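Peer 1: Coordinates for the following, if possible.
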Amino acid sequence: MLAAIAIPEQMATAHLAGMPPQAGLYAFAAGGIAFAIFGANRFVSVGADSTIAPIFAGSISALATATAAQYPLFVGVVALFSGSILVVAGLLRAGWIADFLSVPVTIGFLAGIAVHIIVAQLPQVFGVPEASGPLLVRLAALLGEIPKANPAAVVIGLAVFALAFGAERVSARIPGALIGLVGAAIAAAALGLPANGLAMLGALPSAPPVLEFPAVDLADALRLVPIAVIVALVCVMQTATVVRLFPSEDTVVEDPSPDFAAVGAGSILAALIGGFAVDASPPRTAVVCESGGRSQLASVVALLGIGVLVLFFSNLTAFVPQAALGGVLVFIGIRIFRVQDMLRIARYGGVEIWFVGIAALLVIVLPIEVGMALSIGLSLARGIYVIARPPSTELVHVSGTTVWWPPSLTEKGARMPGIVVFAPAAPIAFTNGHFIVARLRALIAATQPVRLVVIEGSGVLDVDYTGARILCDAIARLRKDGVEVALARLSDPNAQAAAKRTGLIDSVGEDHVFRSVDEAIVALGGYEPLAVK
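Peer 2: Numbers count the residues shown, from 1 in each chain. Presented below is the predicted three-dimensional model:
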């Protein structure tokens, strides 16, 4: 089943990558072998992937030095570099890197990539020349060429797309793309379409791949490094997602780090045998699970099946129309465009739907590698902003309990005269120390007169040196103004140790550290213990 899905997909992705169809099969073989040897997950399928192919293809094509002869070498160098980055990330146990890429930004740049894939393949489907230049320029040129479309190409492309789309709706086990390619080949041969100007895929070479190092000049290699970094980051994100969606054991949360290294080894091997960078595939991995696969033996058997095709039936692909591959890739592009995820983000994510749109627009309007880099930067900036501007709020007493809670429209709560209870809900660090102190000062200014400030630390998971110094200075100024400061509910062991090490506990005073807000206001505020009804 995996072979039936992978054969048309890998050849189509090779076309998307600007490489011959056998390069996609080589990439699938390299990724499958490397992951079977080094990978930890039992289900993940690795090979040529339509998410990363347009990234390096578009970026390399934009380089002024990329001639037709150099292009495969540049593709191989990107695979070597990105694979090496992934291997290092795996060895350093850097699975946490994937957590820096937010889902809305990821969905957005995948939508942008989907648009690139579809626009790049529509000329094949319509049987018209493909224009060069930025995506919007190519789209405008395509619209002008539609009246000259080849009817046979349109029928074949749409029929293959409909088969792939319909088969997936019925069951992921039905290889609709393969059925469509076979049907298109039979129709092309029977009707003599190659003789009537319909572009064909051509026969696959039956000779096995040869090991060869893709050597390029140092200057060219340095230009390819940024492309490789972006490809590696996308592979990190997608591999981590696939591993988490399809864990080897349902009850175990897997660290994707070993699988980063395995995918990286697959890219390195692919570069040496004439392939290109590989990635973990969500749909192919789903096929393995749904078809009863229980180990990497599924990938090995699929490789054997593809090997039989290349060695003994390579001439059959000579009758596969380019329009049929275009139909497969348009289907893949639409599948990458995750409409359901976007609707969920719009419904539950609030303003985060704007991050989807911005990331997609960046990838569509700008050169794809620039758009991807800015999208990843947008995700990181979003994460940094959340850390730098954490929710830091006043707590009020819930009547009849010992609970202190943020005030709301439904739960007003009560304030103790002269007492401010303040809760920073984040690690206190150099990124947010001044912001947290500014929020505290604003709260005190709005609550005058104040004689006791209780810092409720249940949301503080860490304290770094800079954050502690900022808070200690604020505590010293408050005490100079006659305001006592207490620390309550600093429950996290790591935060306790950090507060002690950085001098925060000394600044507050051991006798001003309490297990609850209630204890603090009874000891320092002059109140009786809060009664619980």
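Peer 1: for the chain, what are the low-confidence residue spans?
Peer 2: 64, 66, 195-196, 290-291, 409-411, 528-533 (pLDDT under 70).
Peer 1: and the most centrally placed residue in the chain, what helix or strand is that in?
Peer 2: Among the residues of the chain, the one closest to the centroid is Met237, at 3.5 Å (C-alpha atoms, centre = their mean). Using DSSP states H and E, Met237 falls within helix 218-245.
Peer 1: Please apply the same query to Gln496.
Peer 2: In this structure, Gln496 sits in helix 493-501 according to DSSP H and E.
Peer 1: following that helix, which helix or strand comes up?
Peer 2: Sequence-wise, the next helix or strand beyond helix 493-501 is helix 504-508, with elements assigned using DSSP H and E.
Peer 1: buried stuff in that next one?
Peer 2: Taking 16 or more other C-beta atoms under 10 Å as the basis for neighbour counts, the residues of helix 504-508 that come out buried are Leu504, Ile505, Ser507, Val508. In short, each C-beta sits where N, CA and C put it, glycine included.
Peer 1: ok, now stretch 379-393?
Peer 2: Buried residues in stretch 379-393, defined by neighbour count with 16+ other C-beta under 10 Å: Ser379, Arg382, Ala388, Pro390, Ser392, Thr393.
Peer 1: Ok, stretch 332-344 next?
Peer 2: Buried residues in stretch 332-344, defined by neighbour count with 16+ other C-beta under 10 Å: Ile332, Gly333, Ile334, Arg335, Ile336, Phe337, Arg338, Asp341, Met342.
Peer 1: doesn't Gly112 make contact with the second one?
Peer 2: Meaning Gly333. No. Distance between Gly333 and Gly112: 10.9 Å, which falls outside the contact criterion (C-beta atoms under 8 Å).
Peer 1: quick one on the thing from earlier: just the CA atoms of the helix holding Gln496, as CSV, please.
Peer 2: Output in CSV follows, covering the C-alpha atoms of helix 493-501 (Å, rounded to 0.1, in the frame of the first residue of the first chain):
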residue,chain,number,x,y,z
PRO,A,493,11.1,23.6,43.2
ASN,A,494,13.2,25.0,40.3
ALA,A,495,11.8,28.5,41.0
GLN,A,496,12.5,28.1,44.7
ALA,A,497,16.1,27.1,44.1
ALA,A,498,16.6,30.0,41.5
ALA,A,499,15.1,32.6,43.9
LYS,A,500,17.4,31.5,46.6
ARG,A,501,20.5,31.4,44.3
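Peer 1: What is that helix packed up against?
Peer 2: In terms of contacts (3 or more C-beta pairs under 8 Å, 6 or more residues apart in numbering; DSSP states H and E), helix 493-501 is not packed against any helix or strand.
Peer 1: still on that earlier bit, could you dump the buried residues of helix 504-508 to JSON lines with distance to Thr106?
Peer 2: Formatted as JSON lines, the buried residues of helix 504-508 follow (distance: C-beta to C-beta, whole Å):
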{"residue": "Leu504", "distance to Thr106": "37"}
{"residue": "Ile505", "distance to Thr106": "41"}
{"residue": "Ser507", "distance to Thr106": "42"}
{"residue": "Val508", "distance to Thr106": "41"}
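Peer 1: Thank you kindly, that will do.
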